[in-house]
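Trainee: got a predicted model here, sequence first, then my questions.
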Amino acid sequence: MKFPLKSFEPPGRIALSLVCLAAAGRADNSTSIFAPAATPAHAIFGLSMFVLAVTGLIFVVVFTLLAYAVIKFRGRAGDGGREPAQVYGSTQIELAWTVIPVLIVVVLFLATARVIHAIQDAPKPASAVDVTVIGHQFWWEFRYPKLGIVTANEMHIPVSDPAHPTPTFLKLLSADTDHSFWVPTLAGKTDLIPNRVNEMWLDPSRVGIYLGQCAQYCGTQHAKMLLRVSVDSAADFDRWVRAEQQAGAQDAKVVAGKRVFETTACINCHAINGTAADGRFGPDLTHLMSRATLASGGAENTSALLRLWIQNPDAIKPGSLMPAMKLNDADLDAVVAYLETLR
């Protein structure tokens, strides 16, 4: 029983599939609507199967009639080139090819409207988790307003226990141009449009990591605007929340790296709790090393790739809005060492 519907190459260029293999073996690599793991996805899957059955039946009937006509009325030796008897007007046939398609369209319309209404107007329980999703060129920002958490590219949500449903309701916003949030195994895609608020909800039935990406062309790095939804058990989600609510680690060994970070352009785009950095153009880095990937899923989050990402972002994600920092080796090593403490 689920949450009820109302009515029912260079070092940095790493493919997403390789990144997923490194994610503790929990990644669900399927990005097919035919492997649903949440109520909205199940509803869309059911509707898709119904439409496929109806259109498949239409194909069989039309193909059968066509084959019958081709075989029965084919030209034969001895016909002398005569045309078969011509029929001019048939009320029965005209009614059939008018009424039957209209009825099919009405049935498909009602079935689709029922699913759309049930998903869009699903009641929001008090136990729901609220997440504000903001699409940027070319990364995702996730804000948990009730929990005081801001993170990027990897969204954590609790699994929805059938006995005590814990759905996650998403408020979808855009910071620049059109984007589209799509995790096929959890729900249908929903657009993020500037100056407009769209909403959707998820209630995954099993833990794991579910893959998705922006489904609306938004610029040069649209194809690498990837996202990961980590569905955690209730206990794991609570642990993640407590860890995220703590301030970024402050290690005396990386004071030099912290100083470099706070005295360069880094603080204009990024935020780190407990520091002068309060930028909003780039991802919040308070718990950077708790994420499995960099560059919105473009590379695995390792020391070497983090260093490359800071020094030359185009090596990982050509066209990214992240500027090359051009730090000397000593400052670059210090900044990487500092960022590695942010867990």
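Mentor: Yep, that arrived.

Trainee: for the rest of this, base every contact and every neighbour count on C-alpha atoms.
Mentor: Will do.

Trainee: show me where pLDDT drops low in the stretch 51-200 of the chain?
Mentor: 80-81 (pLDDT under 70).

Trainee: show me where it has its strands.
Mentor: 129-136, 139-144, 149-152, 154-158, 168-174, 179-182, 190-192, 198-202 (DSSP state E, counting those that start in this stretch).

Trainee: then the fourth one to CSV, C-alphas only?
Mentor: Output of strand 154-158 as CSV, limited to C-alpha atoms (Å, rounded to 0.1, in the frame of the first residue of the first chain):
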residue,chain,number,x,y,z
GLU,A,154,22.1,15.1,-4.7
MET,A,155,18.8,15.2,-3.0
HIS,A,156,18.1,13.0,0.0
ILE,A,157,14.5,12.0,0.8
PRO,A,158,13.1,9.4,3.2
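
Trainee: circling back: redo the strands of the stretch 51-200 of the chain as CSV? Include distance to residue 111 and mean neighbour count.
Mentor: Putting these into CSV (distance: least, Cα to Cα, whole Å; neighbours: other Cα atoms under 10 Å) gives the following:
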stretch, distance to residue 111, mean neighbour count
strand 129-136, 29, 22
strand 139-144, 33, 22
strand 149-152, 37, 21
strand 154-158, 30, 24
strand 168-174, 24, 21
strand 179-182, 22, 24
strand 190-192, 20, 22
strand 198-202, 20, 20
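
Trainee: domain ranges for the protein?
Mentor: 39-120, 252-339 (automatic domain parsing).

Trainee: format the strands of the stretch 51-200 of the chain as CSV; extra columns: distance to residue 64.
Mentor: What follows is the strands of the stretch 51-200 of the chain, written out as CSV (distance: least, Cα to Cα, whole Å):
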stretch, distance to residue 64
strand 129-136, 49
strand 139-144, 50
strand 149-152, 54
strand 154-158, 50
strand 168-174, 47
strand 179-182, 39
strand 190-192, 39
strand 198-202, 43
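
Trainee: quick one: closest of those strands to residue 272.
Mentor: strand 149-152 (10.1 Å; Cα to Cα).

Trainee: among the domains of the chain, which is nearest residue 166?
Mentor: domain 39-120 (12.0 Å).

Trainee: so how far is that closest one off the chain centroid?
Mentor: Computed by Cα atoms, centre = their mean, to the nearest Å, the chain-centroid distance of domain 39-120 equals 35 Å.

Trainee: end to end, how far does it reach?
Mentor: Using Cα to Cα, to the nearest Å, one end of domain 39-120 lies 12 Å from the other.

Trainee: residue numbering should commence at 149 henceforth.
Mentor: New numbering, starting at 149: the last item is domain 187-268.

Trainee: could I get the full set of strands for the stretch 349-491 of the chain?
Mentor: Using DSSP E, counting those that start in this stretch, strands in the stretch 349-491 of the chain cover 356-362, 374-380, 441-442, 447-448.

Trainee: packing partners for the third one?
Mentor: In this structure, strand 441-442 packs against strand 447-448, with contacts taken as 3 or more Cα pairs under 8 Å, 6 or more residues apart in numbering; DSSP states H and E.

Trainee: name the strands paired with the strand it packs on and say parallel or antiparallel.
Mentor: Paired with strand 447-448 in the same sheet, following DSSP bridges, are strand 441-442 (antiparallel).

Trainee: show me what the partner strand is in contact with.
Mentor: Strand 441-442 is contacted from outside by 167, 447, 448, 449, 454, using Cα atoms under 8 Å, 6 or more residues apart in numbering.

Trainee: from those residues, which is closest to residue 309?
Mentor: residue 167 (28.6 Å).
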